[in-house]
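**Q** let me see the structure of the following:
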Amino acid sequence: MKRVVITGMGIWSCLGTTIEEVKDSLYNGKSGIGIEDERLKYGYQSALTGIVKKPVLKGLIDRHLRRGMSEEAEYAFMASSQAFAMSGIDQDYIDSNEVGCIFGNDSSAKPVIEAAKIMDEKHDTELLGQSFIFQAMNSTVTMNLSTIFRLRGVNFTVSAACASGSHSIGLAYMLIKNGLQDIVLCGGAQETNLYSMASFDALGAFSKNMDDPTKASRPFDRDRDGLVPSGGAAALVLEDYDHAVARGADILAEVVGYGFSSNGTSVISQPSDEGCLRAMQRAMDDAGVTADEIDYINAHATSTKQGDMFEAMAIDKLLRGTHALVSSTKGMTGHECWMAGASEIVYSLIMMQNGFVAPNINLENCDEYSEHLNLARNTVETNVDTVLSNSFGFGGTNSALVIKKL
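**A** Purely as a prediction, here's the structure:
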C-alpha cells in the first residue's frame, strides 16, 4: 500500500480567504458569522449566516467558462488555485501528468430557482441559455474544475450531506493508497446564497440568537439553540508519498486513516452515538493509532441539541481519560455543510503547523454529555501531531479522518 500525504491546501471561508487570515481567526477565536437581513424578508426564521466574500473571477477565468460556474464552483476554484500553488503544481505539470479531482458538494439551489422563475414567466426553454445546467448539476464543482484546469485523472462528486467533504478526502486517500492515482485534488464546497438554506431553515434547526451573531453558534454549550449555516470551499492536494518526494514537494502532513459508517436508524435526521463511534474507531484502526496517541479532535458538533449530545457520548466512550483536546471550529464558522469535512481538515492542518488548538468559542456551560470531554475553552498552545476529524450527516452518513505530522 502507498503512503498518502498532503502537499497543498486552500481555503475560502467566512474566517478568511487566505491561509494566513484563517490562521489568525482560528488562533484568536474570531467568528465569521453575521446577519443577512434579506433572509427575513424572504421568509426565513433566522437571518444568521457565515459571511463569505464573493470571488472576483474576471481576469482569472475566461468569461465563457465563468458562465457555467455555480457559486460553490467559484469558491472551489479559488481554494483549489491556492492548494495547487502551495503544492508547486502549475498548468504545465497538470498538462503532462494525470491529476484527479473529487469534491463533496450539494446541487445548487440558485440556478434551479432562477431558471424556474424564467420558465414560469416566459414559458420558453430557449431563454434559459446553456449556463444553468452546468451550474445546477450535482457535479458542478468537479466538472468546472476539471475543465478549467484541464485535469485528466479521476473525476466525480461525493454527495453525502454534511460528511461530503470528508468522504471526498477519504476516497482520494483510498485511490492513492491502492496505487490508482498519484495526485488527487479533493475538498468540499457549499453555496451560501439566499436560496440555498430555506428548506433547512424550515426544520427550525437554525439559531435565532440574532441579537449577538458571533455568539449564536455554541457547540457543546448547554444553552445552544441551533446551528448557523455557512459555506465557501476548501481544497487539498493529496499525493503518493514517493511521488511527492521525487518531485521535491513540501509535505504538510500524512493522511493515515479513514473511517466510515451508517447509523442504521429509521429516522433520516436522527444522529447516533454508535454510528459516530464506529466511524472514529475504524479511522483509528486504519491509522494504527490508539486513543492515547490522539492530540486533537476536531468535532463535528454543529451546535444542535441532539447532534452535539450523541457525538459527545461517542467521544467520551472512545477517549475518556486520554489527553486529547476537543473543539468544534463551528463556533467560529457556523456549519459549512457539504464543505465542512474538508475545511476542518484545513483548519486542523493550520493548527498542526502552528502549534495550537483553536478554542471552542461561546462555551460557557457544558451540558451533561460533554462535561467529561477535554474541551478547549481558550486557545491552547501545544504540539499537535495526530488529529482525528469527525463529519456526520443527515441520513446517517458518518466519516472520520486521521492525519499525522511527518
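**Q** OK, contacts around Asp62?
**A** By Cβ atoms under 8 Å, 6 or more residues apart in numbering, the contact list for Asp62 is empty. Placement of C-beta: from N, CA and C, glycine included.
**Q** number of nearby residues for Gly187?
**A** Using other Cβ atoms under 10 Å, Gly187 has 36 other residues around it.
**Q** just checking, it touches Gly104?
**A** Yes - if you go by Cβ atoms under 8 Å, Gly187 and Gly104 touch, sitting 7.3 Å apart.
**Q** quick check: neighbours shared by the two?
**A** Here Gly187 and Gly104 have 165, 168, 339, 342 as joint contacts, going by Cβ under 8 Å, 6+ apart.
**Q** can you pick the most crowded of those residues?
**A** Within the shared contacts of Gly187 and Gly104, Met339 tops the neighbour count with 38 neighbours, counted by other Cβ under 10 Å.
**Q** can you classify the spatially most central residue of the chain by secondary structure?
**A** When Cα atoms, centre = their mean is applied to the chain, the residue found nearest the centroid is Ala340 (2.2 Å). Following DSSP: H, G, I helix; E, B strand; the rest coil, Ala340 is assigned to helix.
**Q** so who does it touch?
**A** By Cβ under 8 Å, 6+ apart, the residues touching Ala340 are 162, 165-166, 188, 190, 300, 330, 333, 391.
**Q** what does the pLDDT read for it?
**A** On pLDDT, Ala340 comes in at 98.
**Q** tell me how far it lies from His300.
**A** Applying Cβ to Cβ, to the nearest Å, the value for Ala340 to His300 is 8 Å.
**Q** identify the contacts common to those two.
**A** Residues touching both Ala340 and His300 by Cβ under 8 Å, 6+ apart: 162, 330, 391.
**Q** where does the stretch 201-350 of the chain have low pLDDT?
**A** Within the stretch 201-350 of the chain, no stretch has pLDDT under 70.
**Q** which residues in it form strands?
**A** Using DSSP state E, counting those that start in this stretch, the strands of the stretch 201-350 of the chain run over 232-240, 253-262, 296-298, 325-327.
**Q** picking up where we left off before, just flag the most distant two among the shared contacts of Gly187 and Gly104.
**A** Ser168 and Met339 (10.1 Å; Cβ to Cβ).
**Q** who touches both of the two?
**A** 104, 187-188.
**Q** mind listing the helices for the stretch 251-400 of the chain?
**A** Taking DSSP state H, counting those that start in this stretch, the helices of the stretch 251-400 of the chain run over residues 273-287, 305-319, 330-333, 340-354.
**Q** from the contact counts, what lies against the third one?
**A** Judged by 3 or more Cβ pairs under 8 Å, 6 or more residues apart in numbering; DSSP states H and E, helix 330-333 is in contact with helix 340-354.
**Q** same for the helix or strand in which Leu401 is found, what does it pack against?
**A** Under the criterion of DSSP states H and E, Leu401 resides in strand 397-404. Here strand 397-404 touches helix 164-177, strand 253-262, helix 273-287, helix 340-354, strand 386-393, going by 3+ Cβ pairs under 8 Å, 6+ apart.
**Q** list the strands paired with it, with their directions.
**A** strand 253-262 (antiparallel), strand 386-393 (antiparallel) (DSSP bridges).
**Q** would you mark the buried spots in that strand?
**A** Using 16 or more other Cβ atoms under 10 Å as the test for burial, strand 397-404 gives 397-404.
**Q** picking up where we left off before, between the helices and strands packed on strand 397-404, which gets nearest to Phe206?
**A** helix 340-354 (15.5 Å).
**Q** okay, that closest one in CSV with CA atoms only?
**A** The C-alpha coordinates for helix 340-354 follow below in CSV (Å, rounded to 0.1, in the frame of the first residue of the first chain):
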residue,chain,number,x,y,z
ALA,A,340,-17.2,21.2,6.4
GLY,A,341,-15.4,17.9,6.4
ALA,A,342,-12.7,19.4,4.1
SER,A,343,-12.4,22.8,5.7
GLU,A,344,-12.0,21.3,9.1
ILE,A,345,-9.0,19.3,7.8
VAL,A,346,-7.5,22.6,6.6
TYR,A,347,-8.2,24.2,10.0
SER,A,348,-6.6,21.2,11.7
LEU,A,349,-3.6,21.4,9.4
ILE,A,350,-3.2,25.1,10.3
MET,A,351,-3.2,24.2,14.0
MET,A,352,-0.8,21.4,13.4
GLN,A,353,1.7,23.6,11.6
ASN,A,354,1.5,26.4,14.1
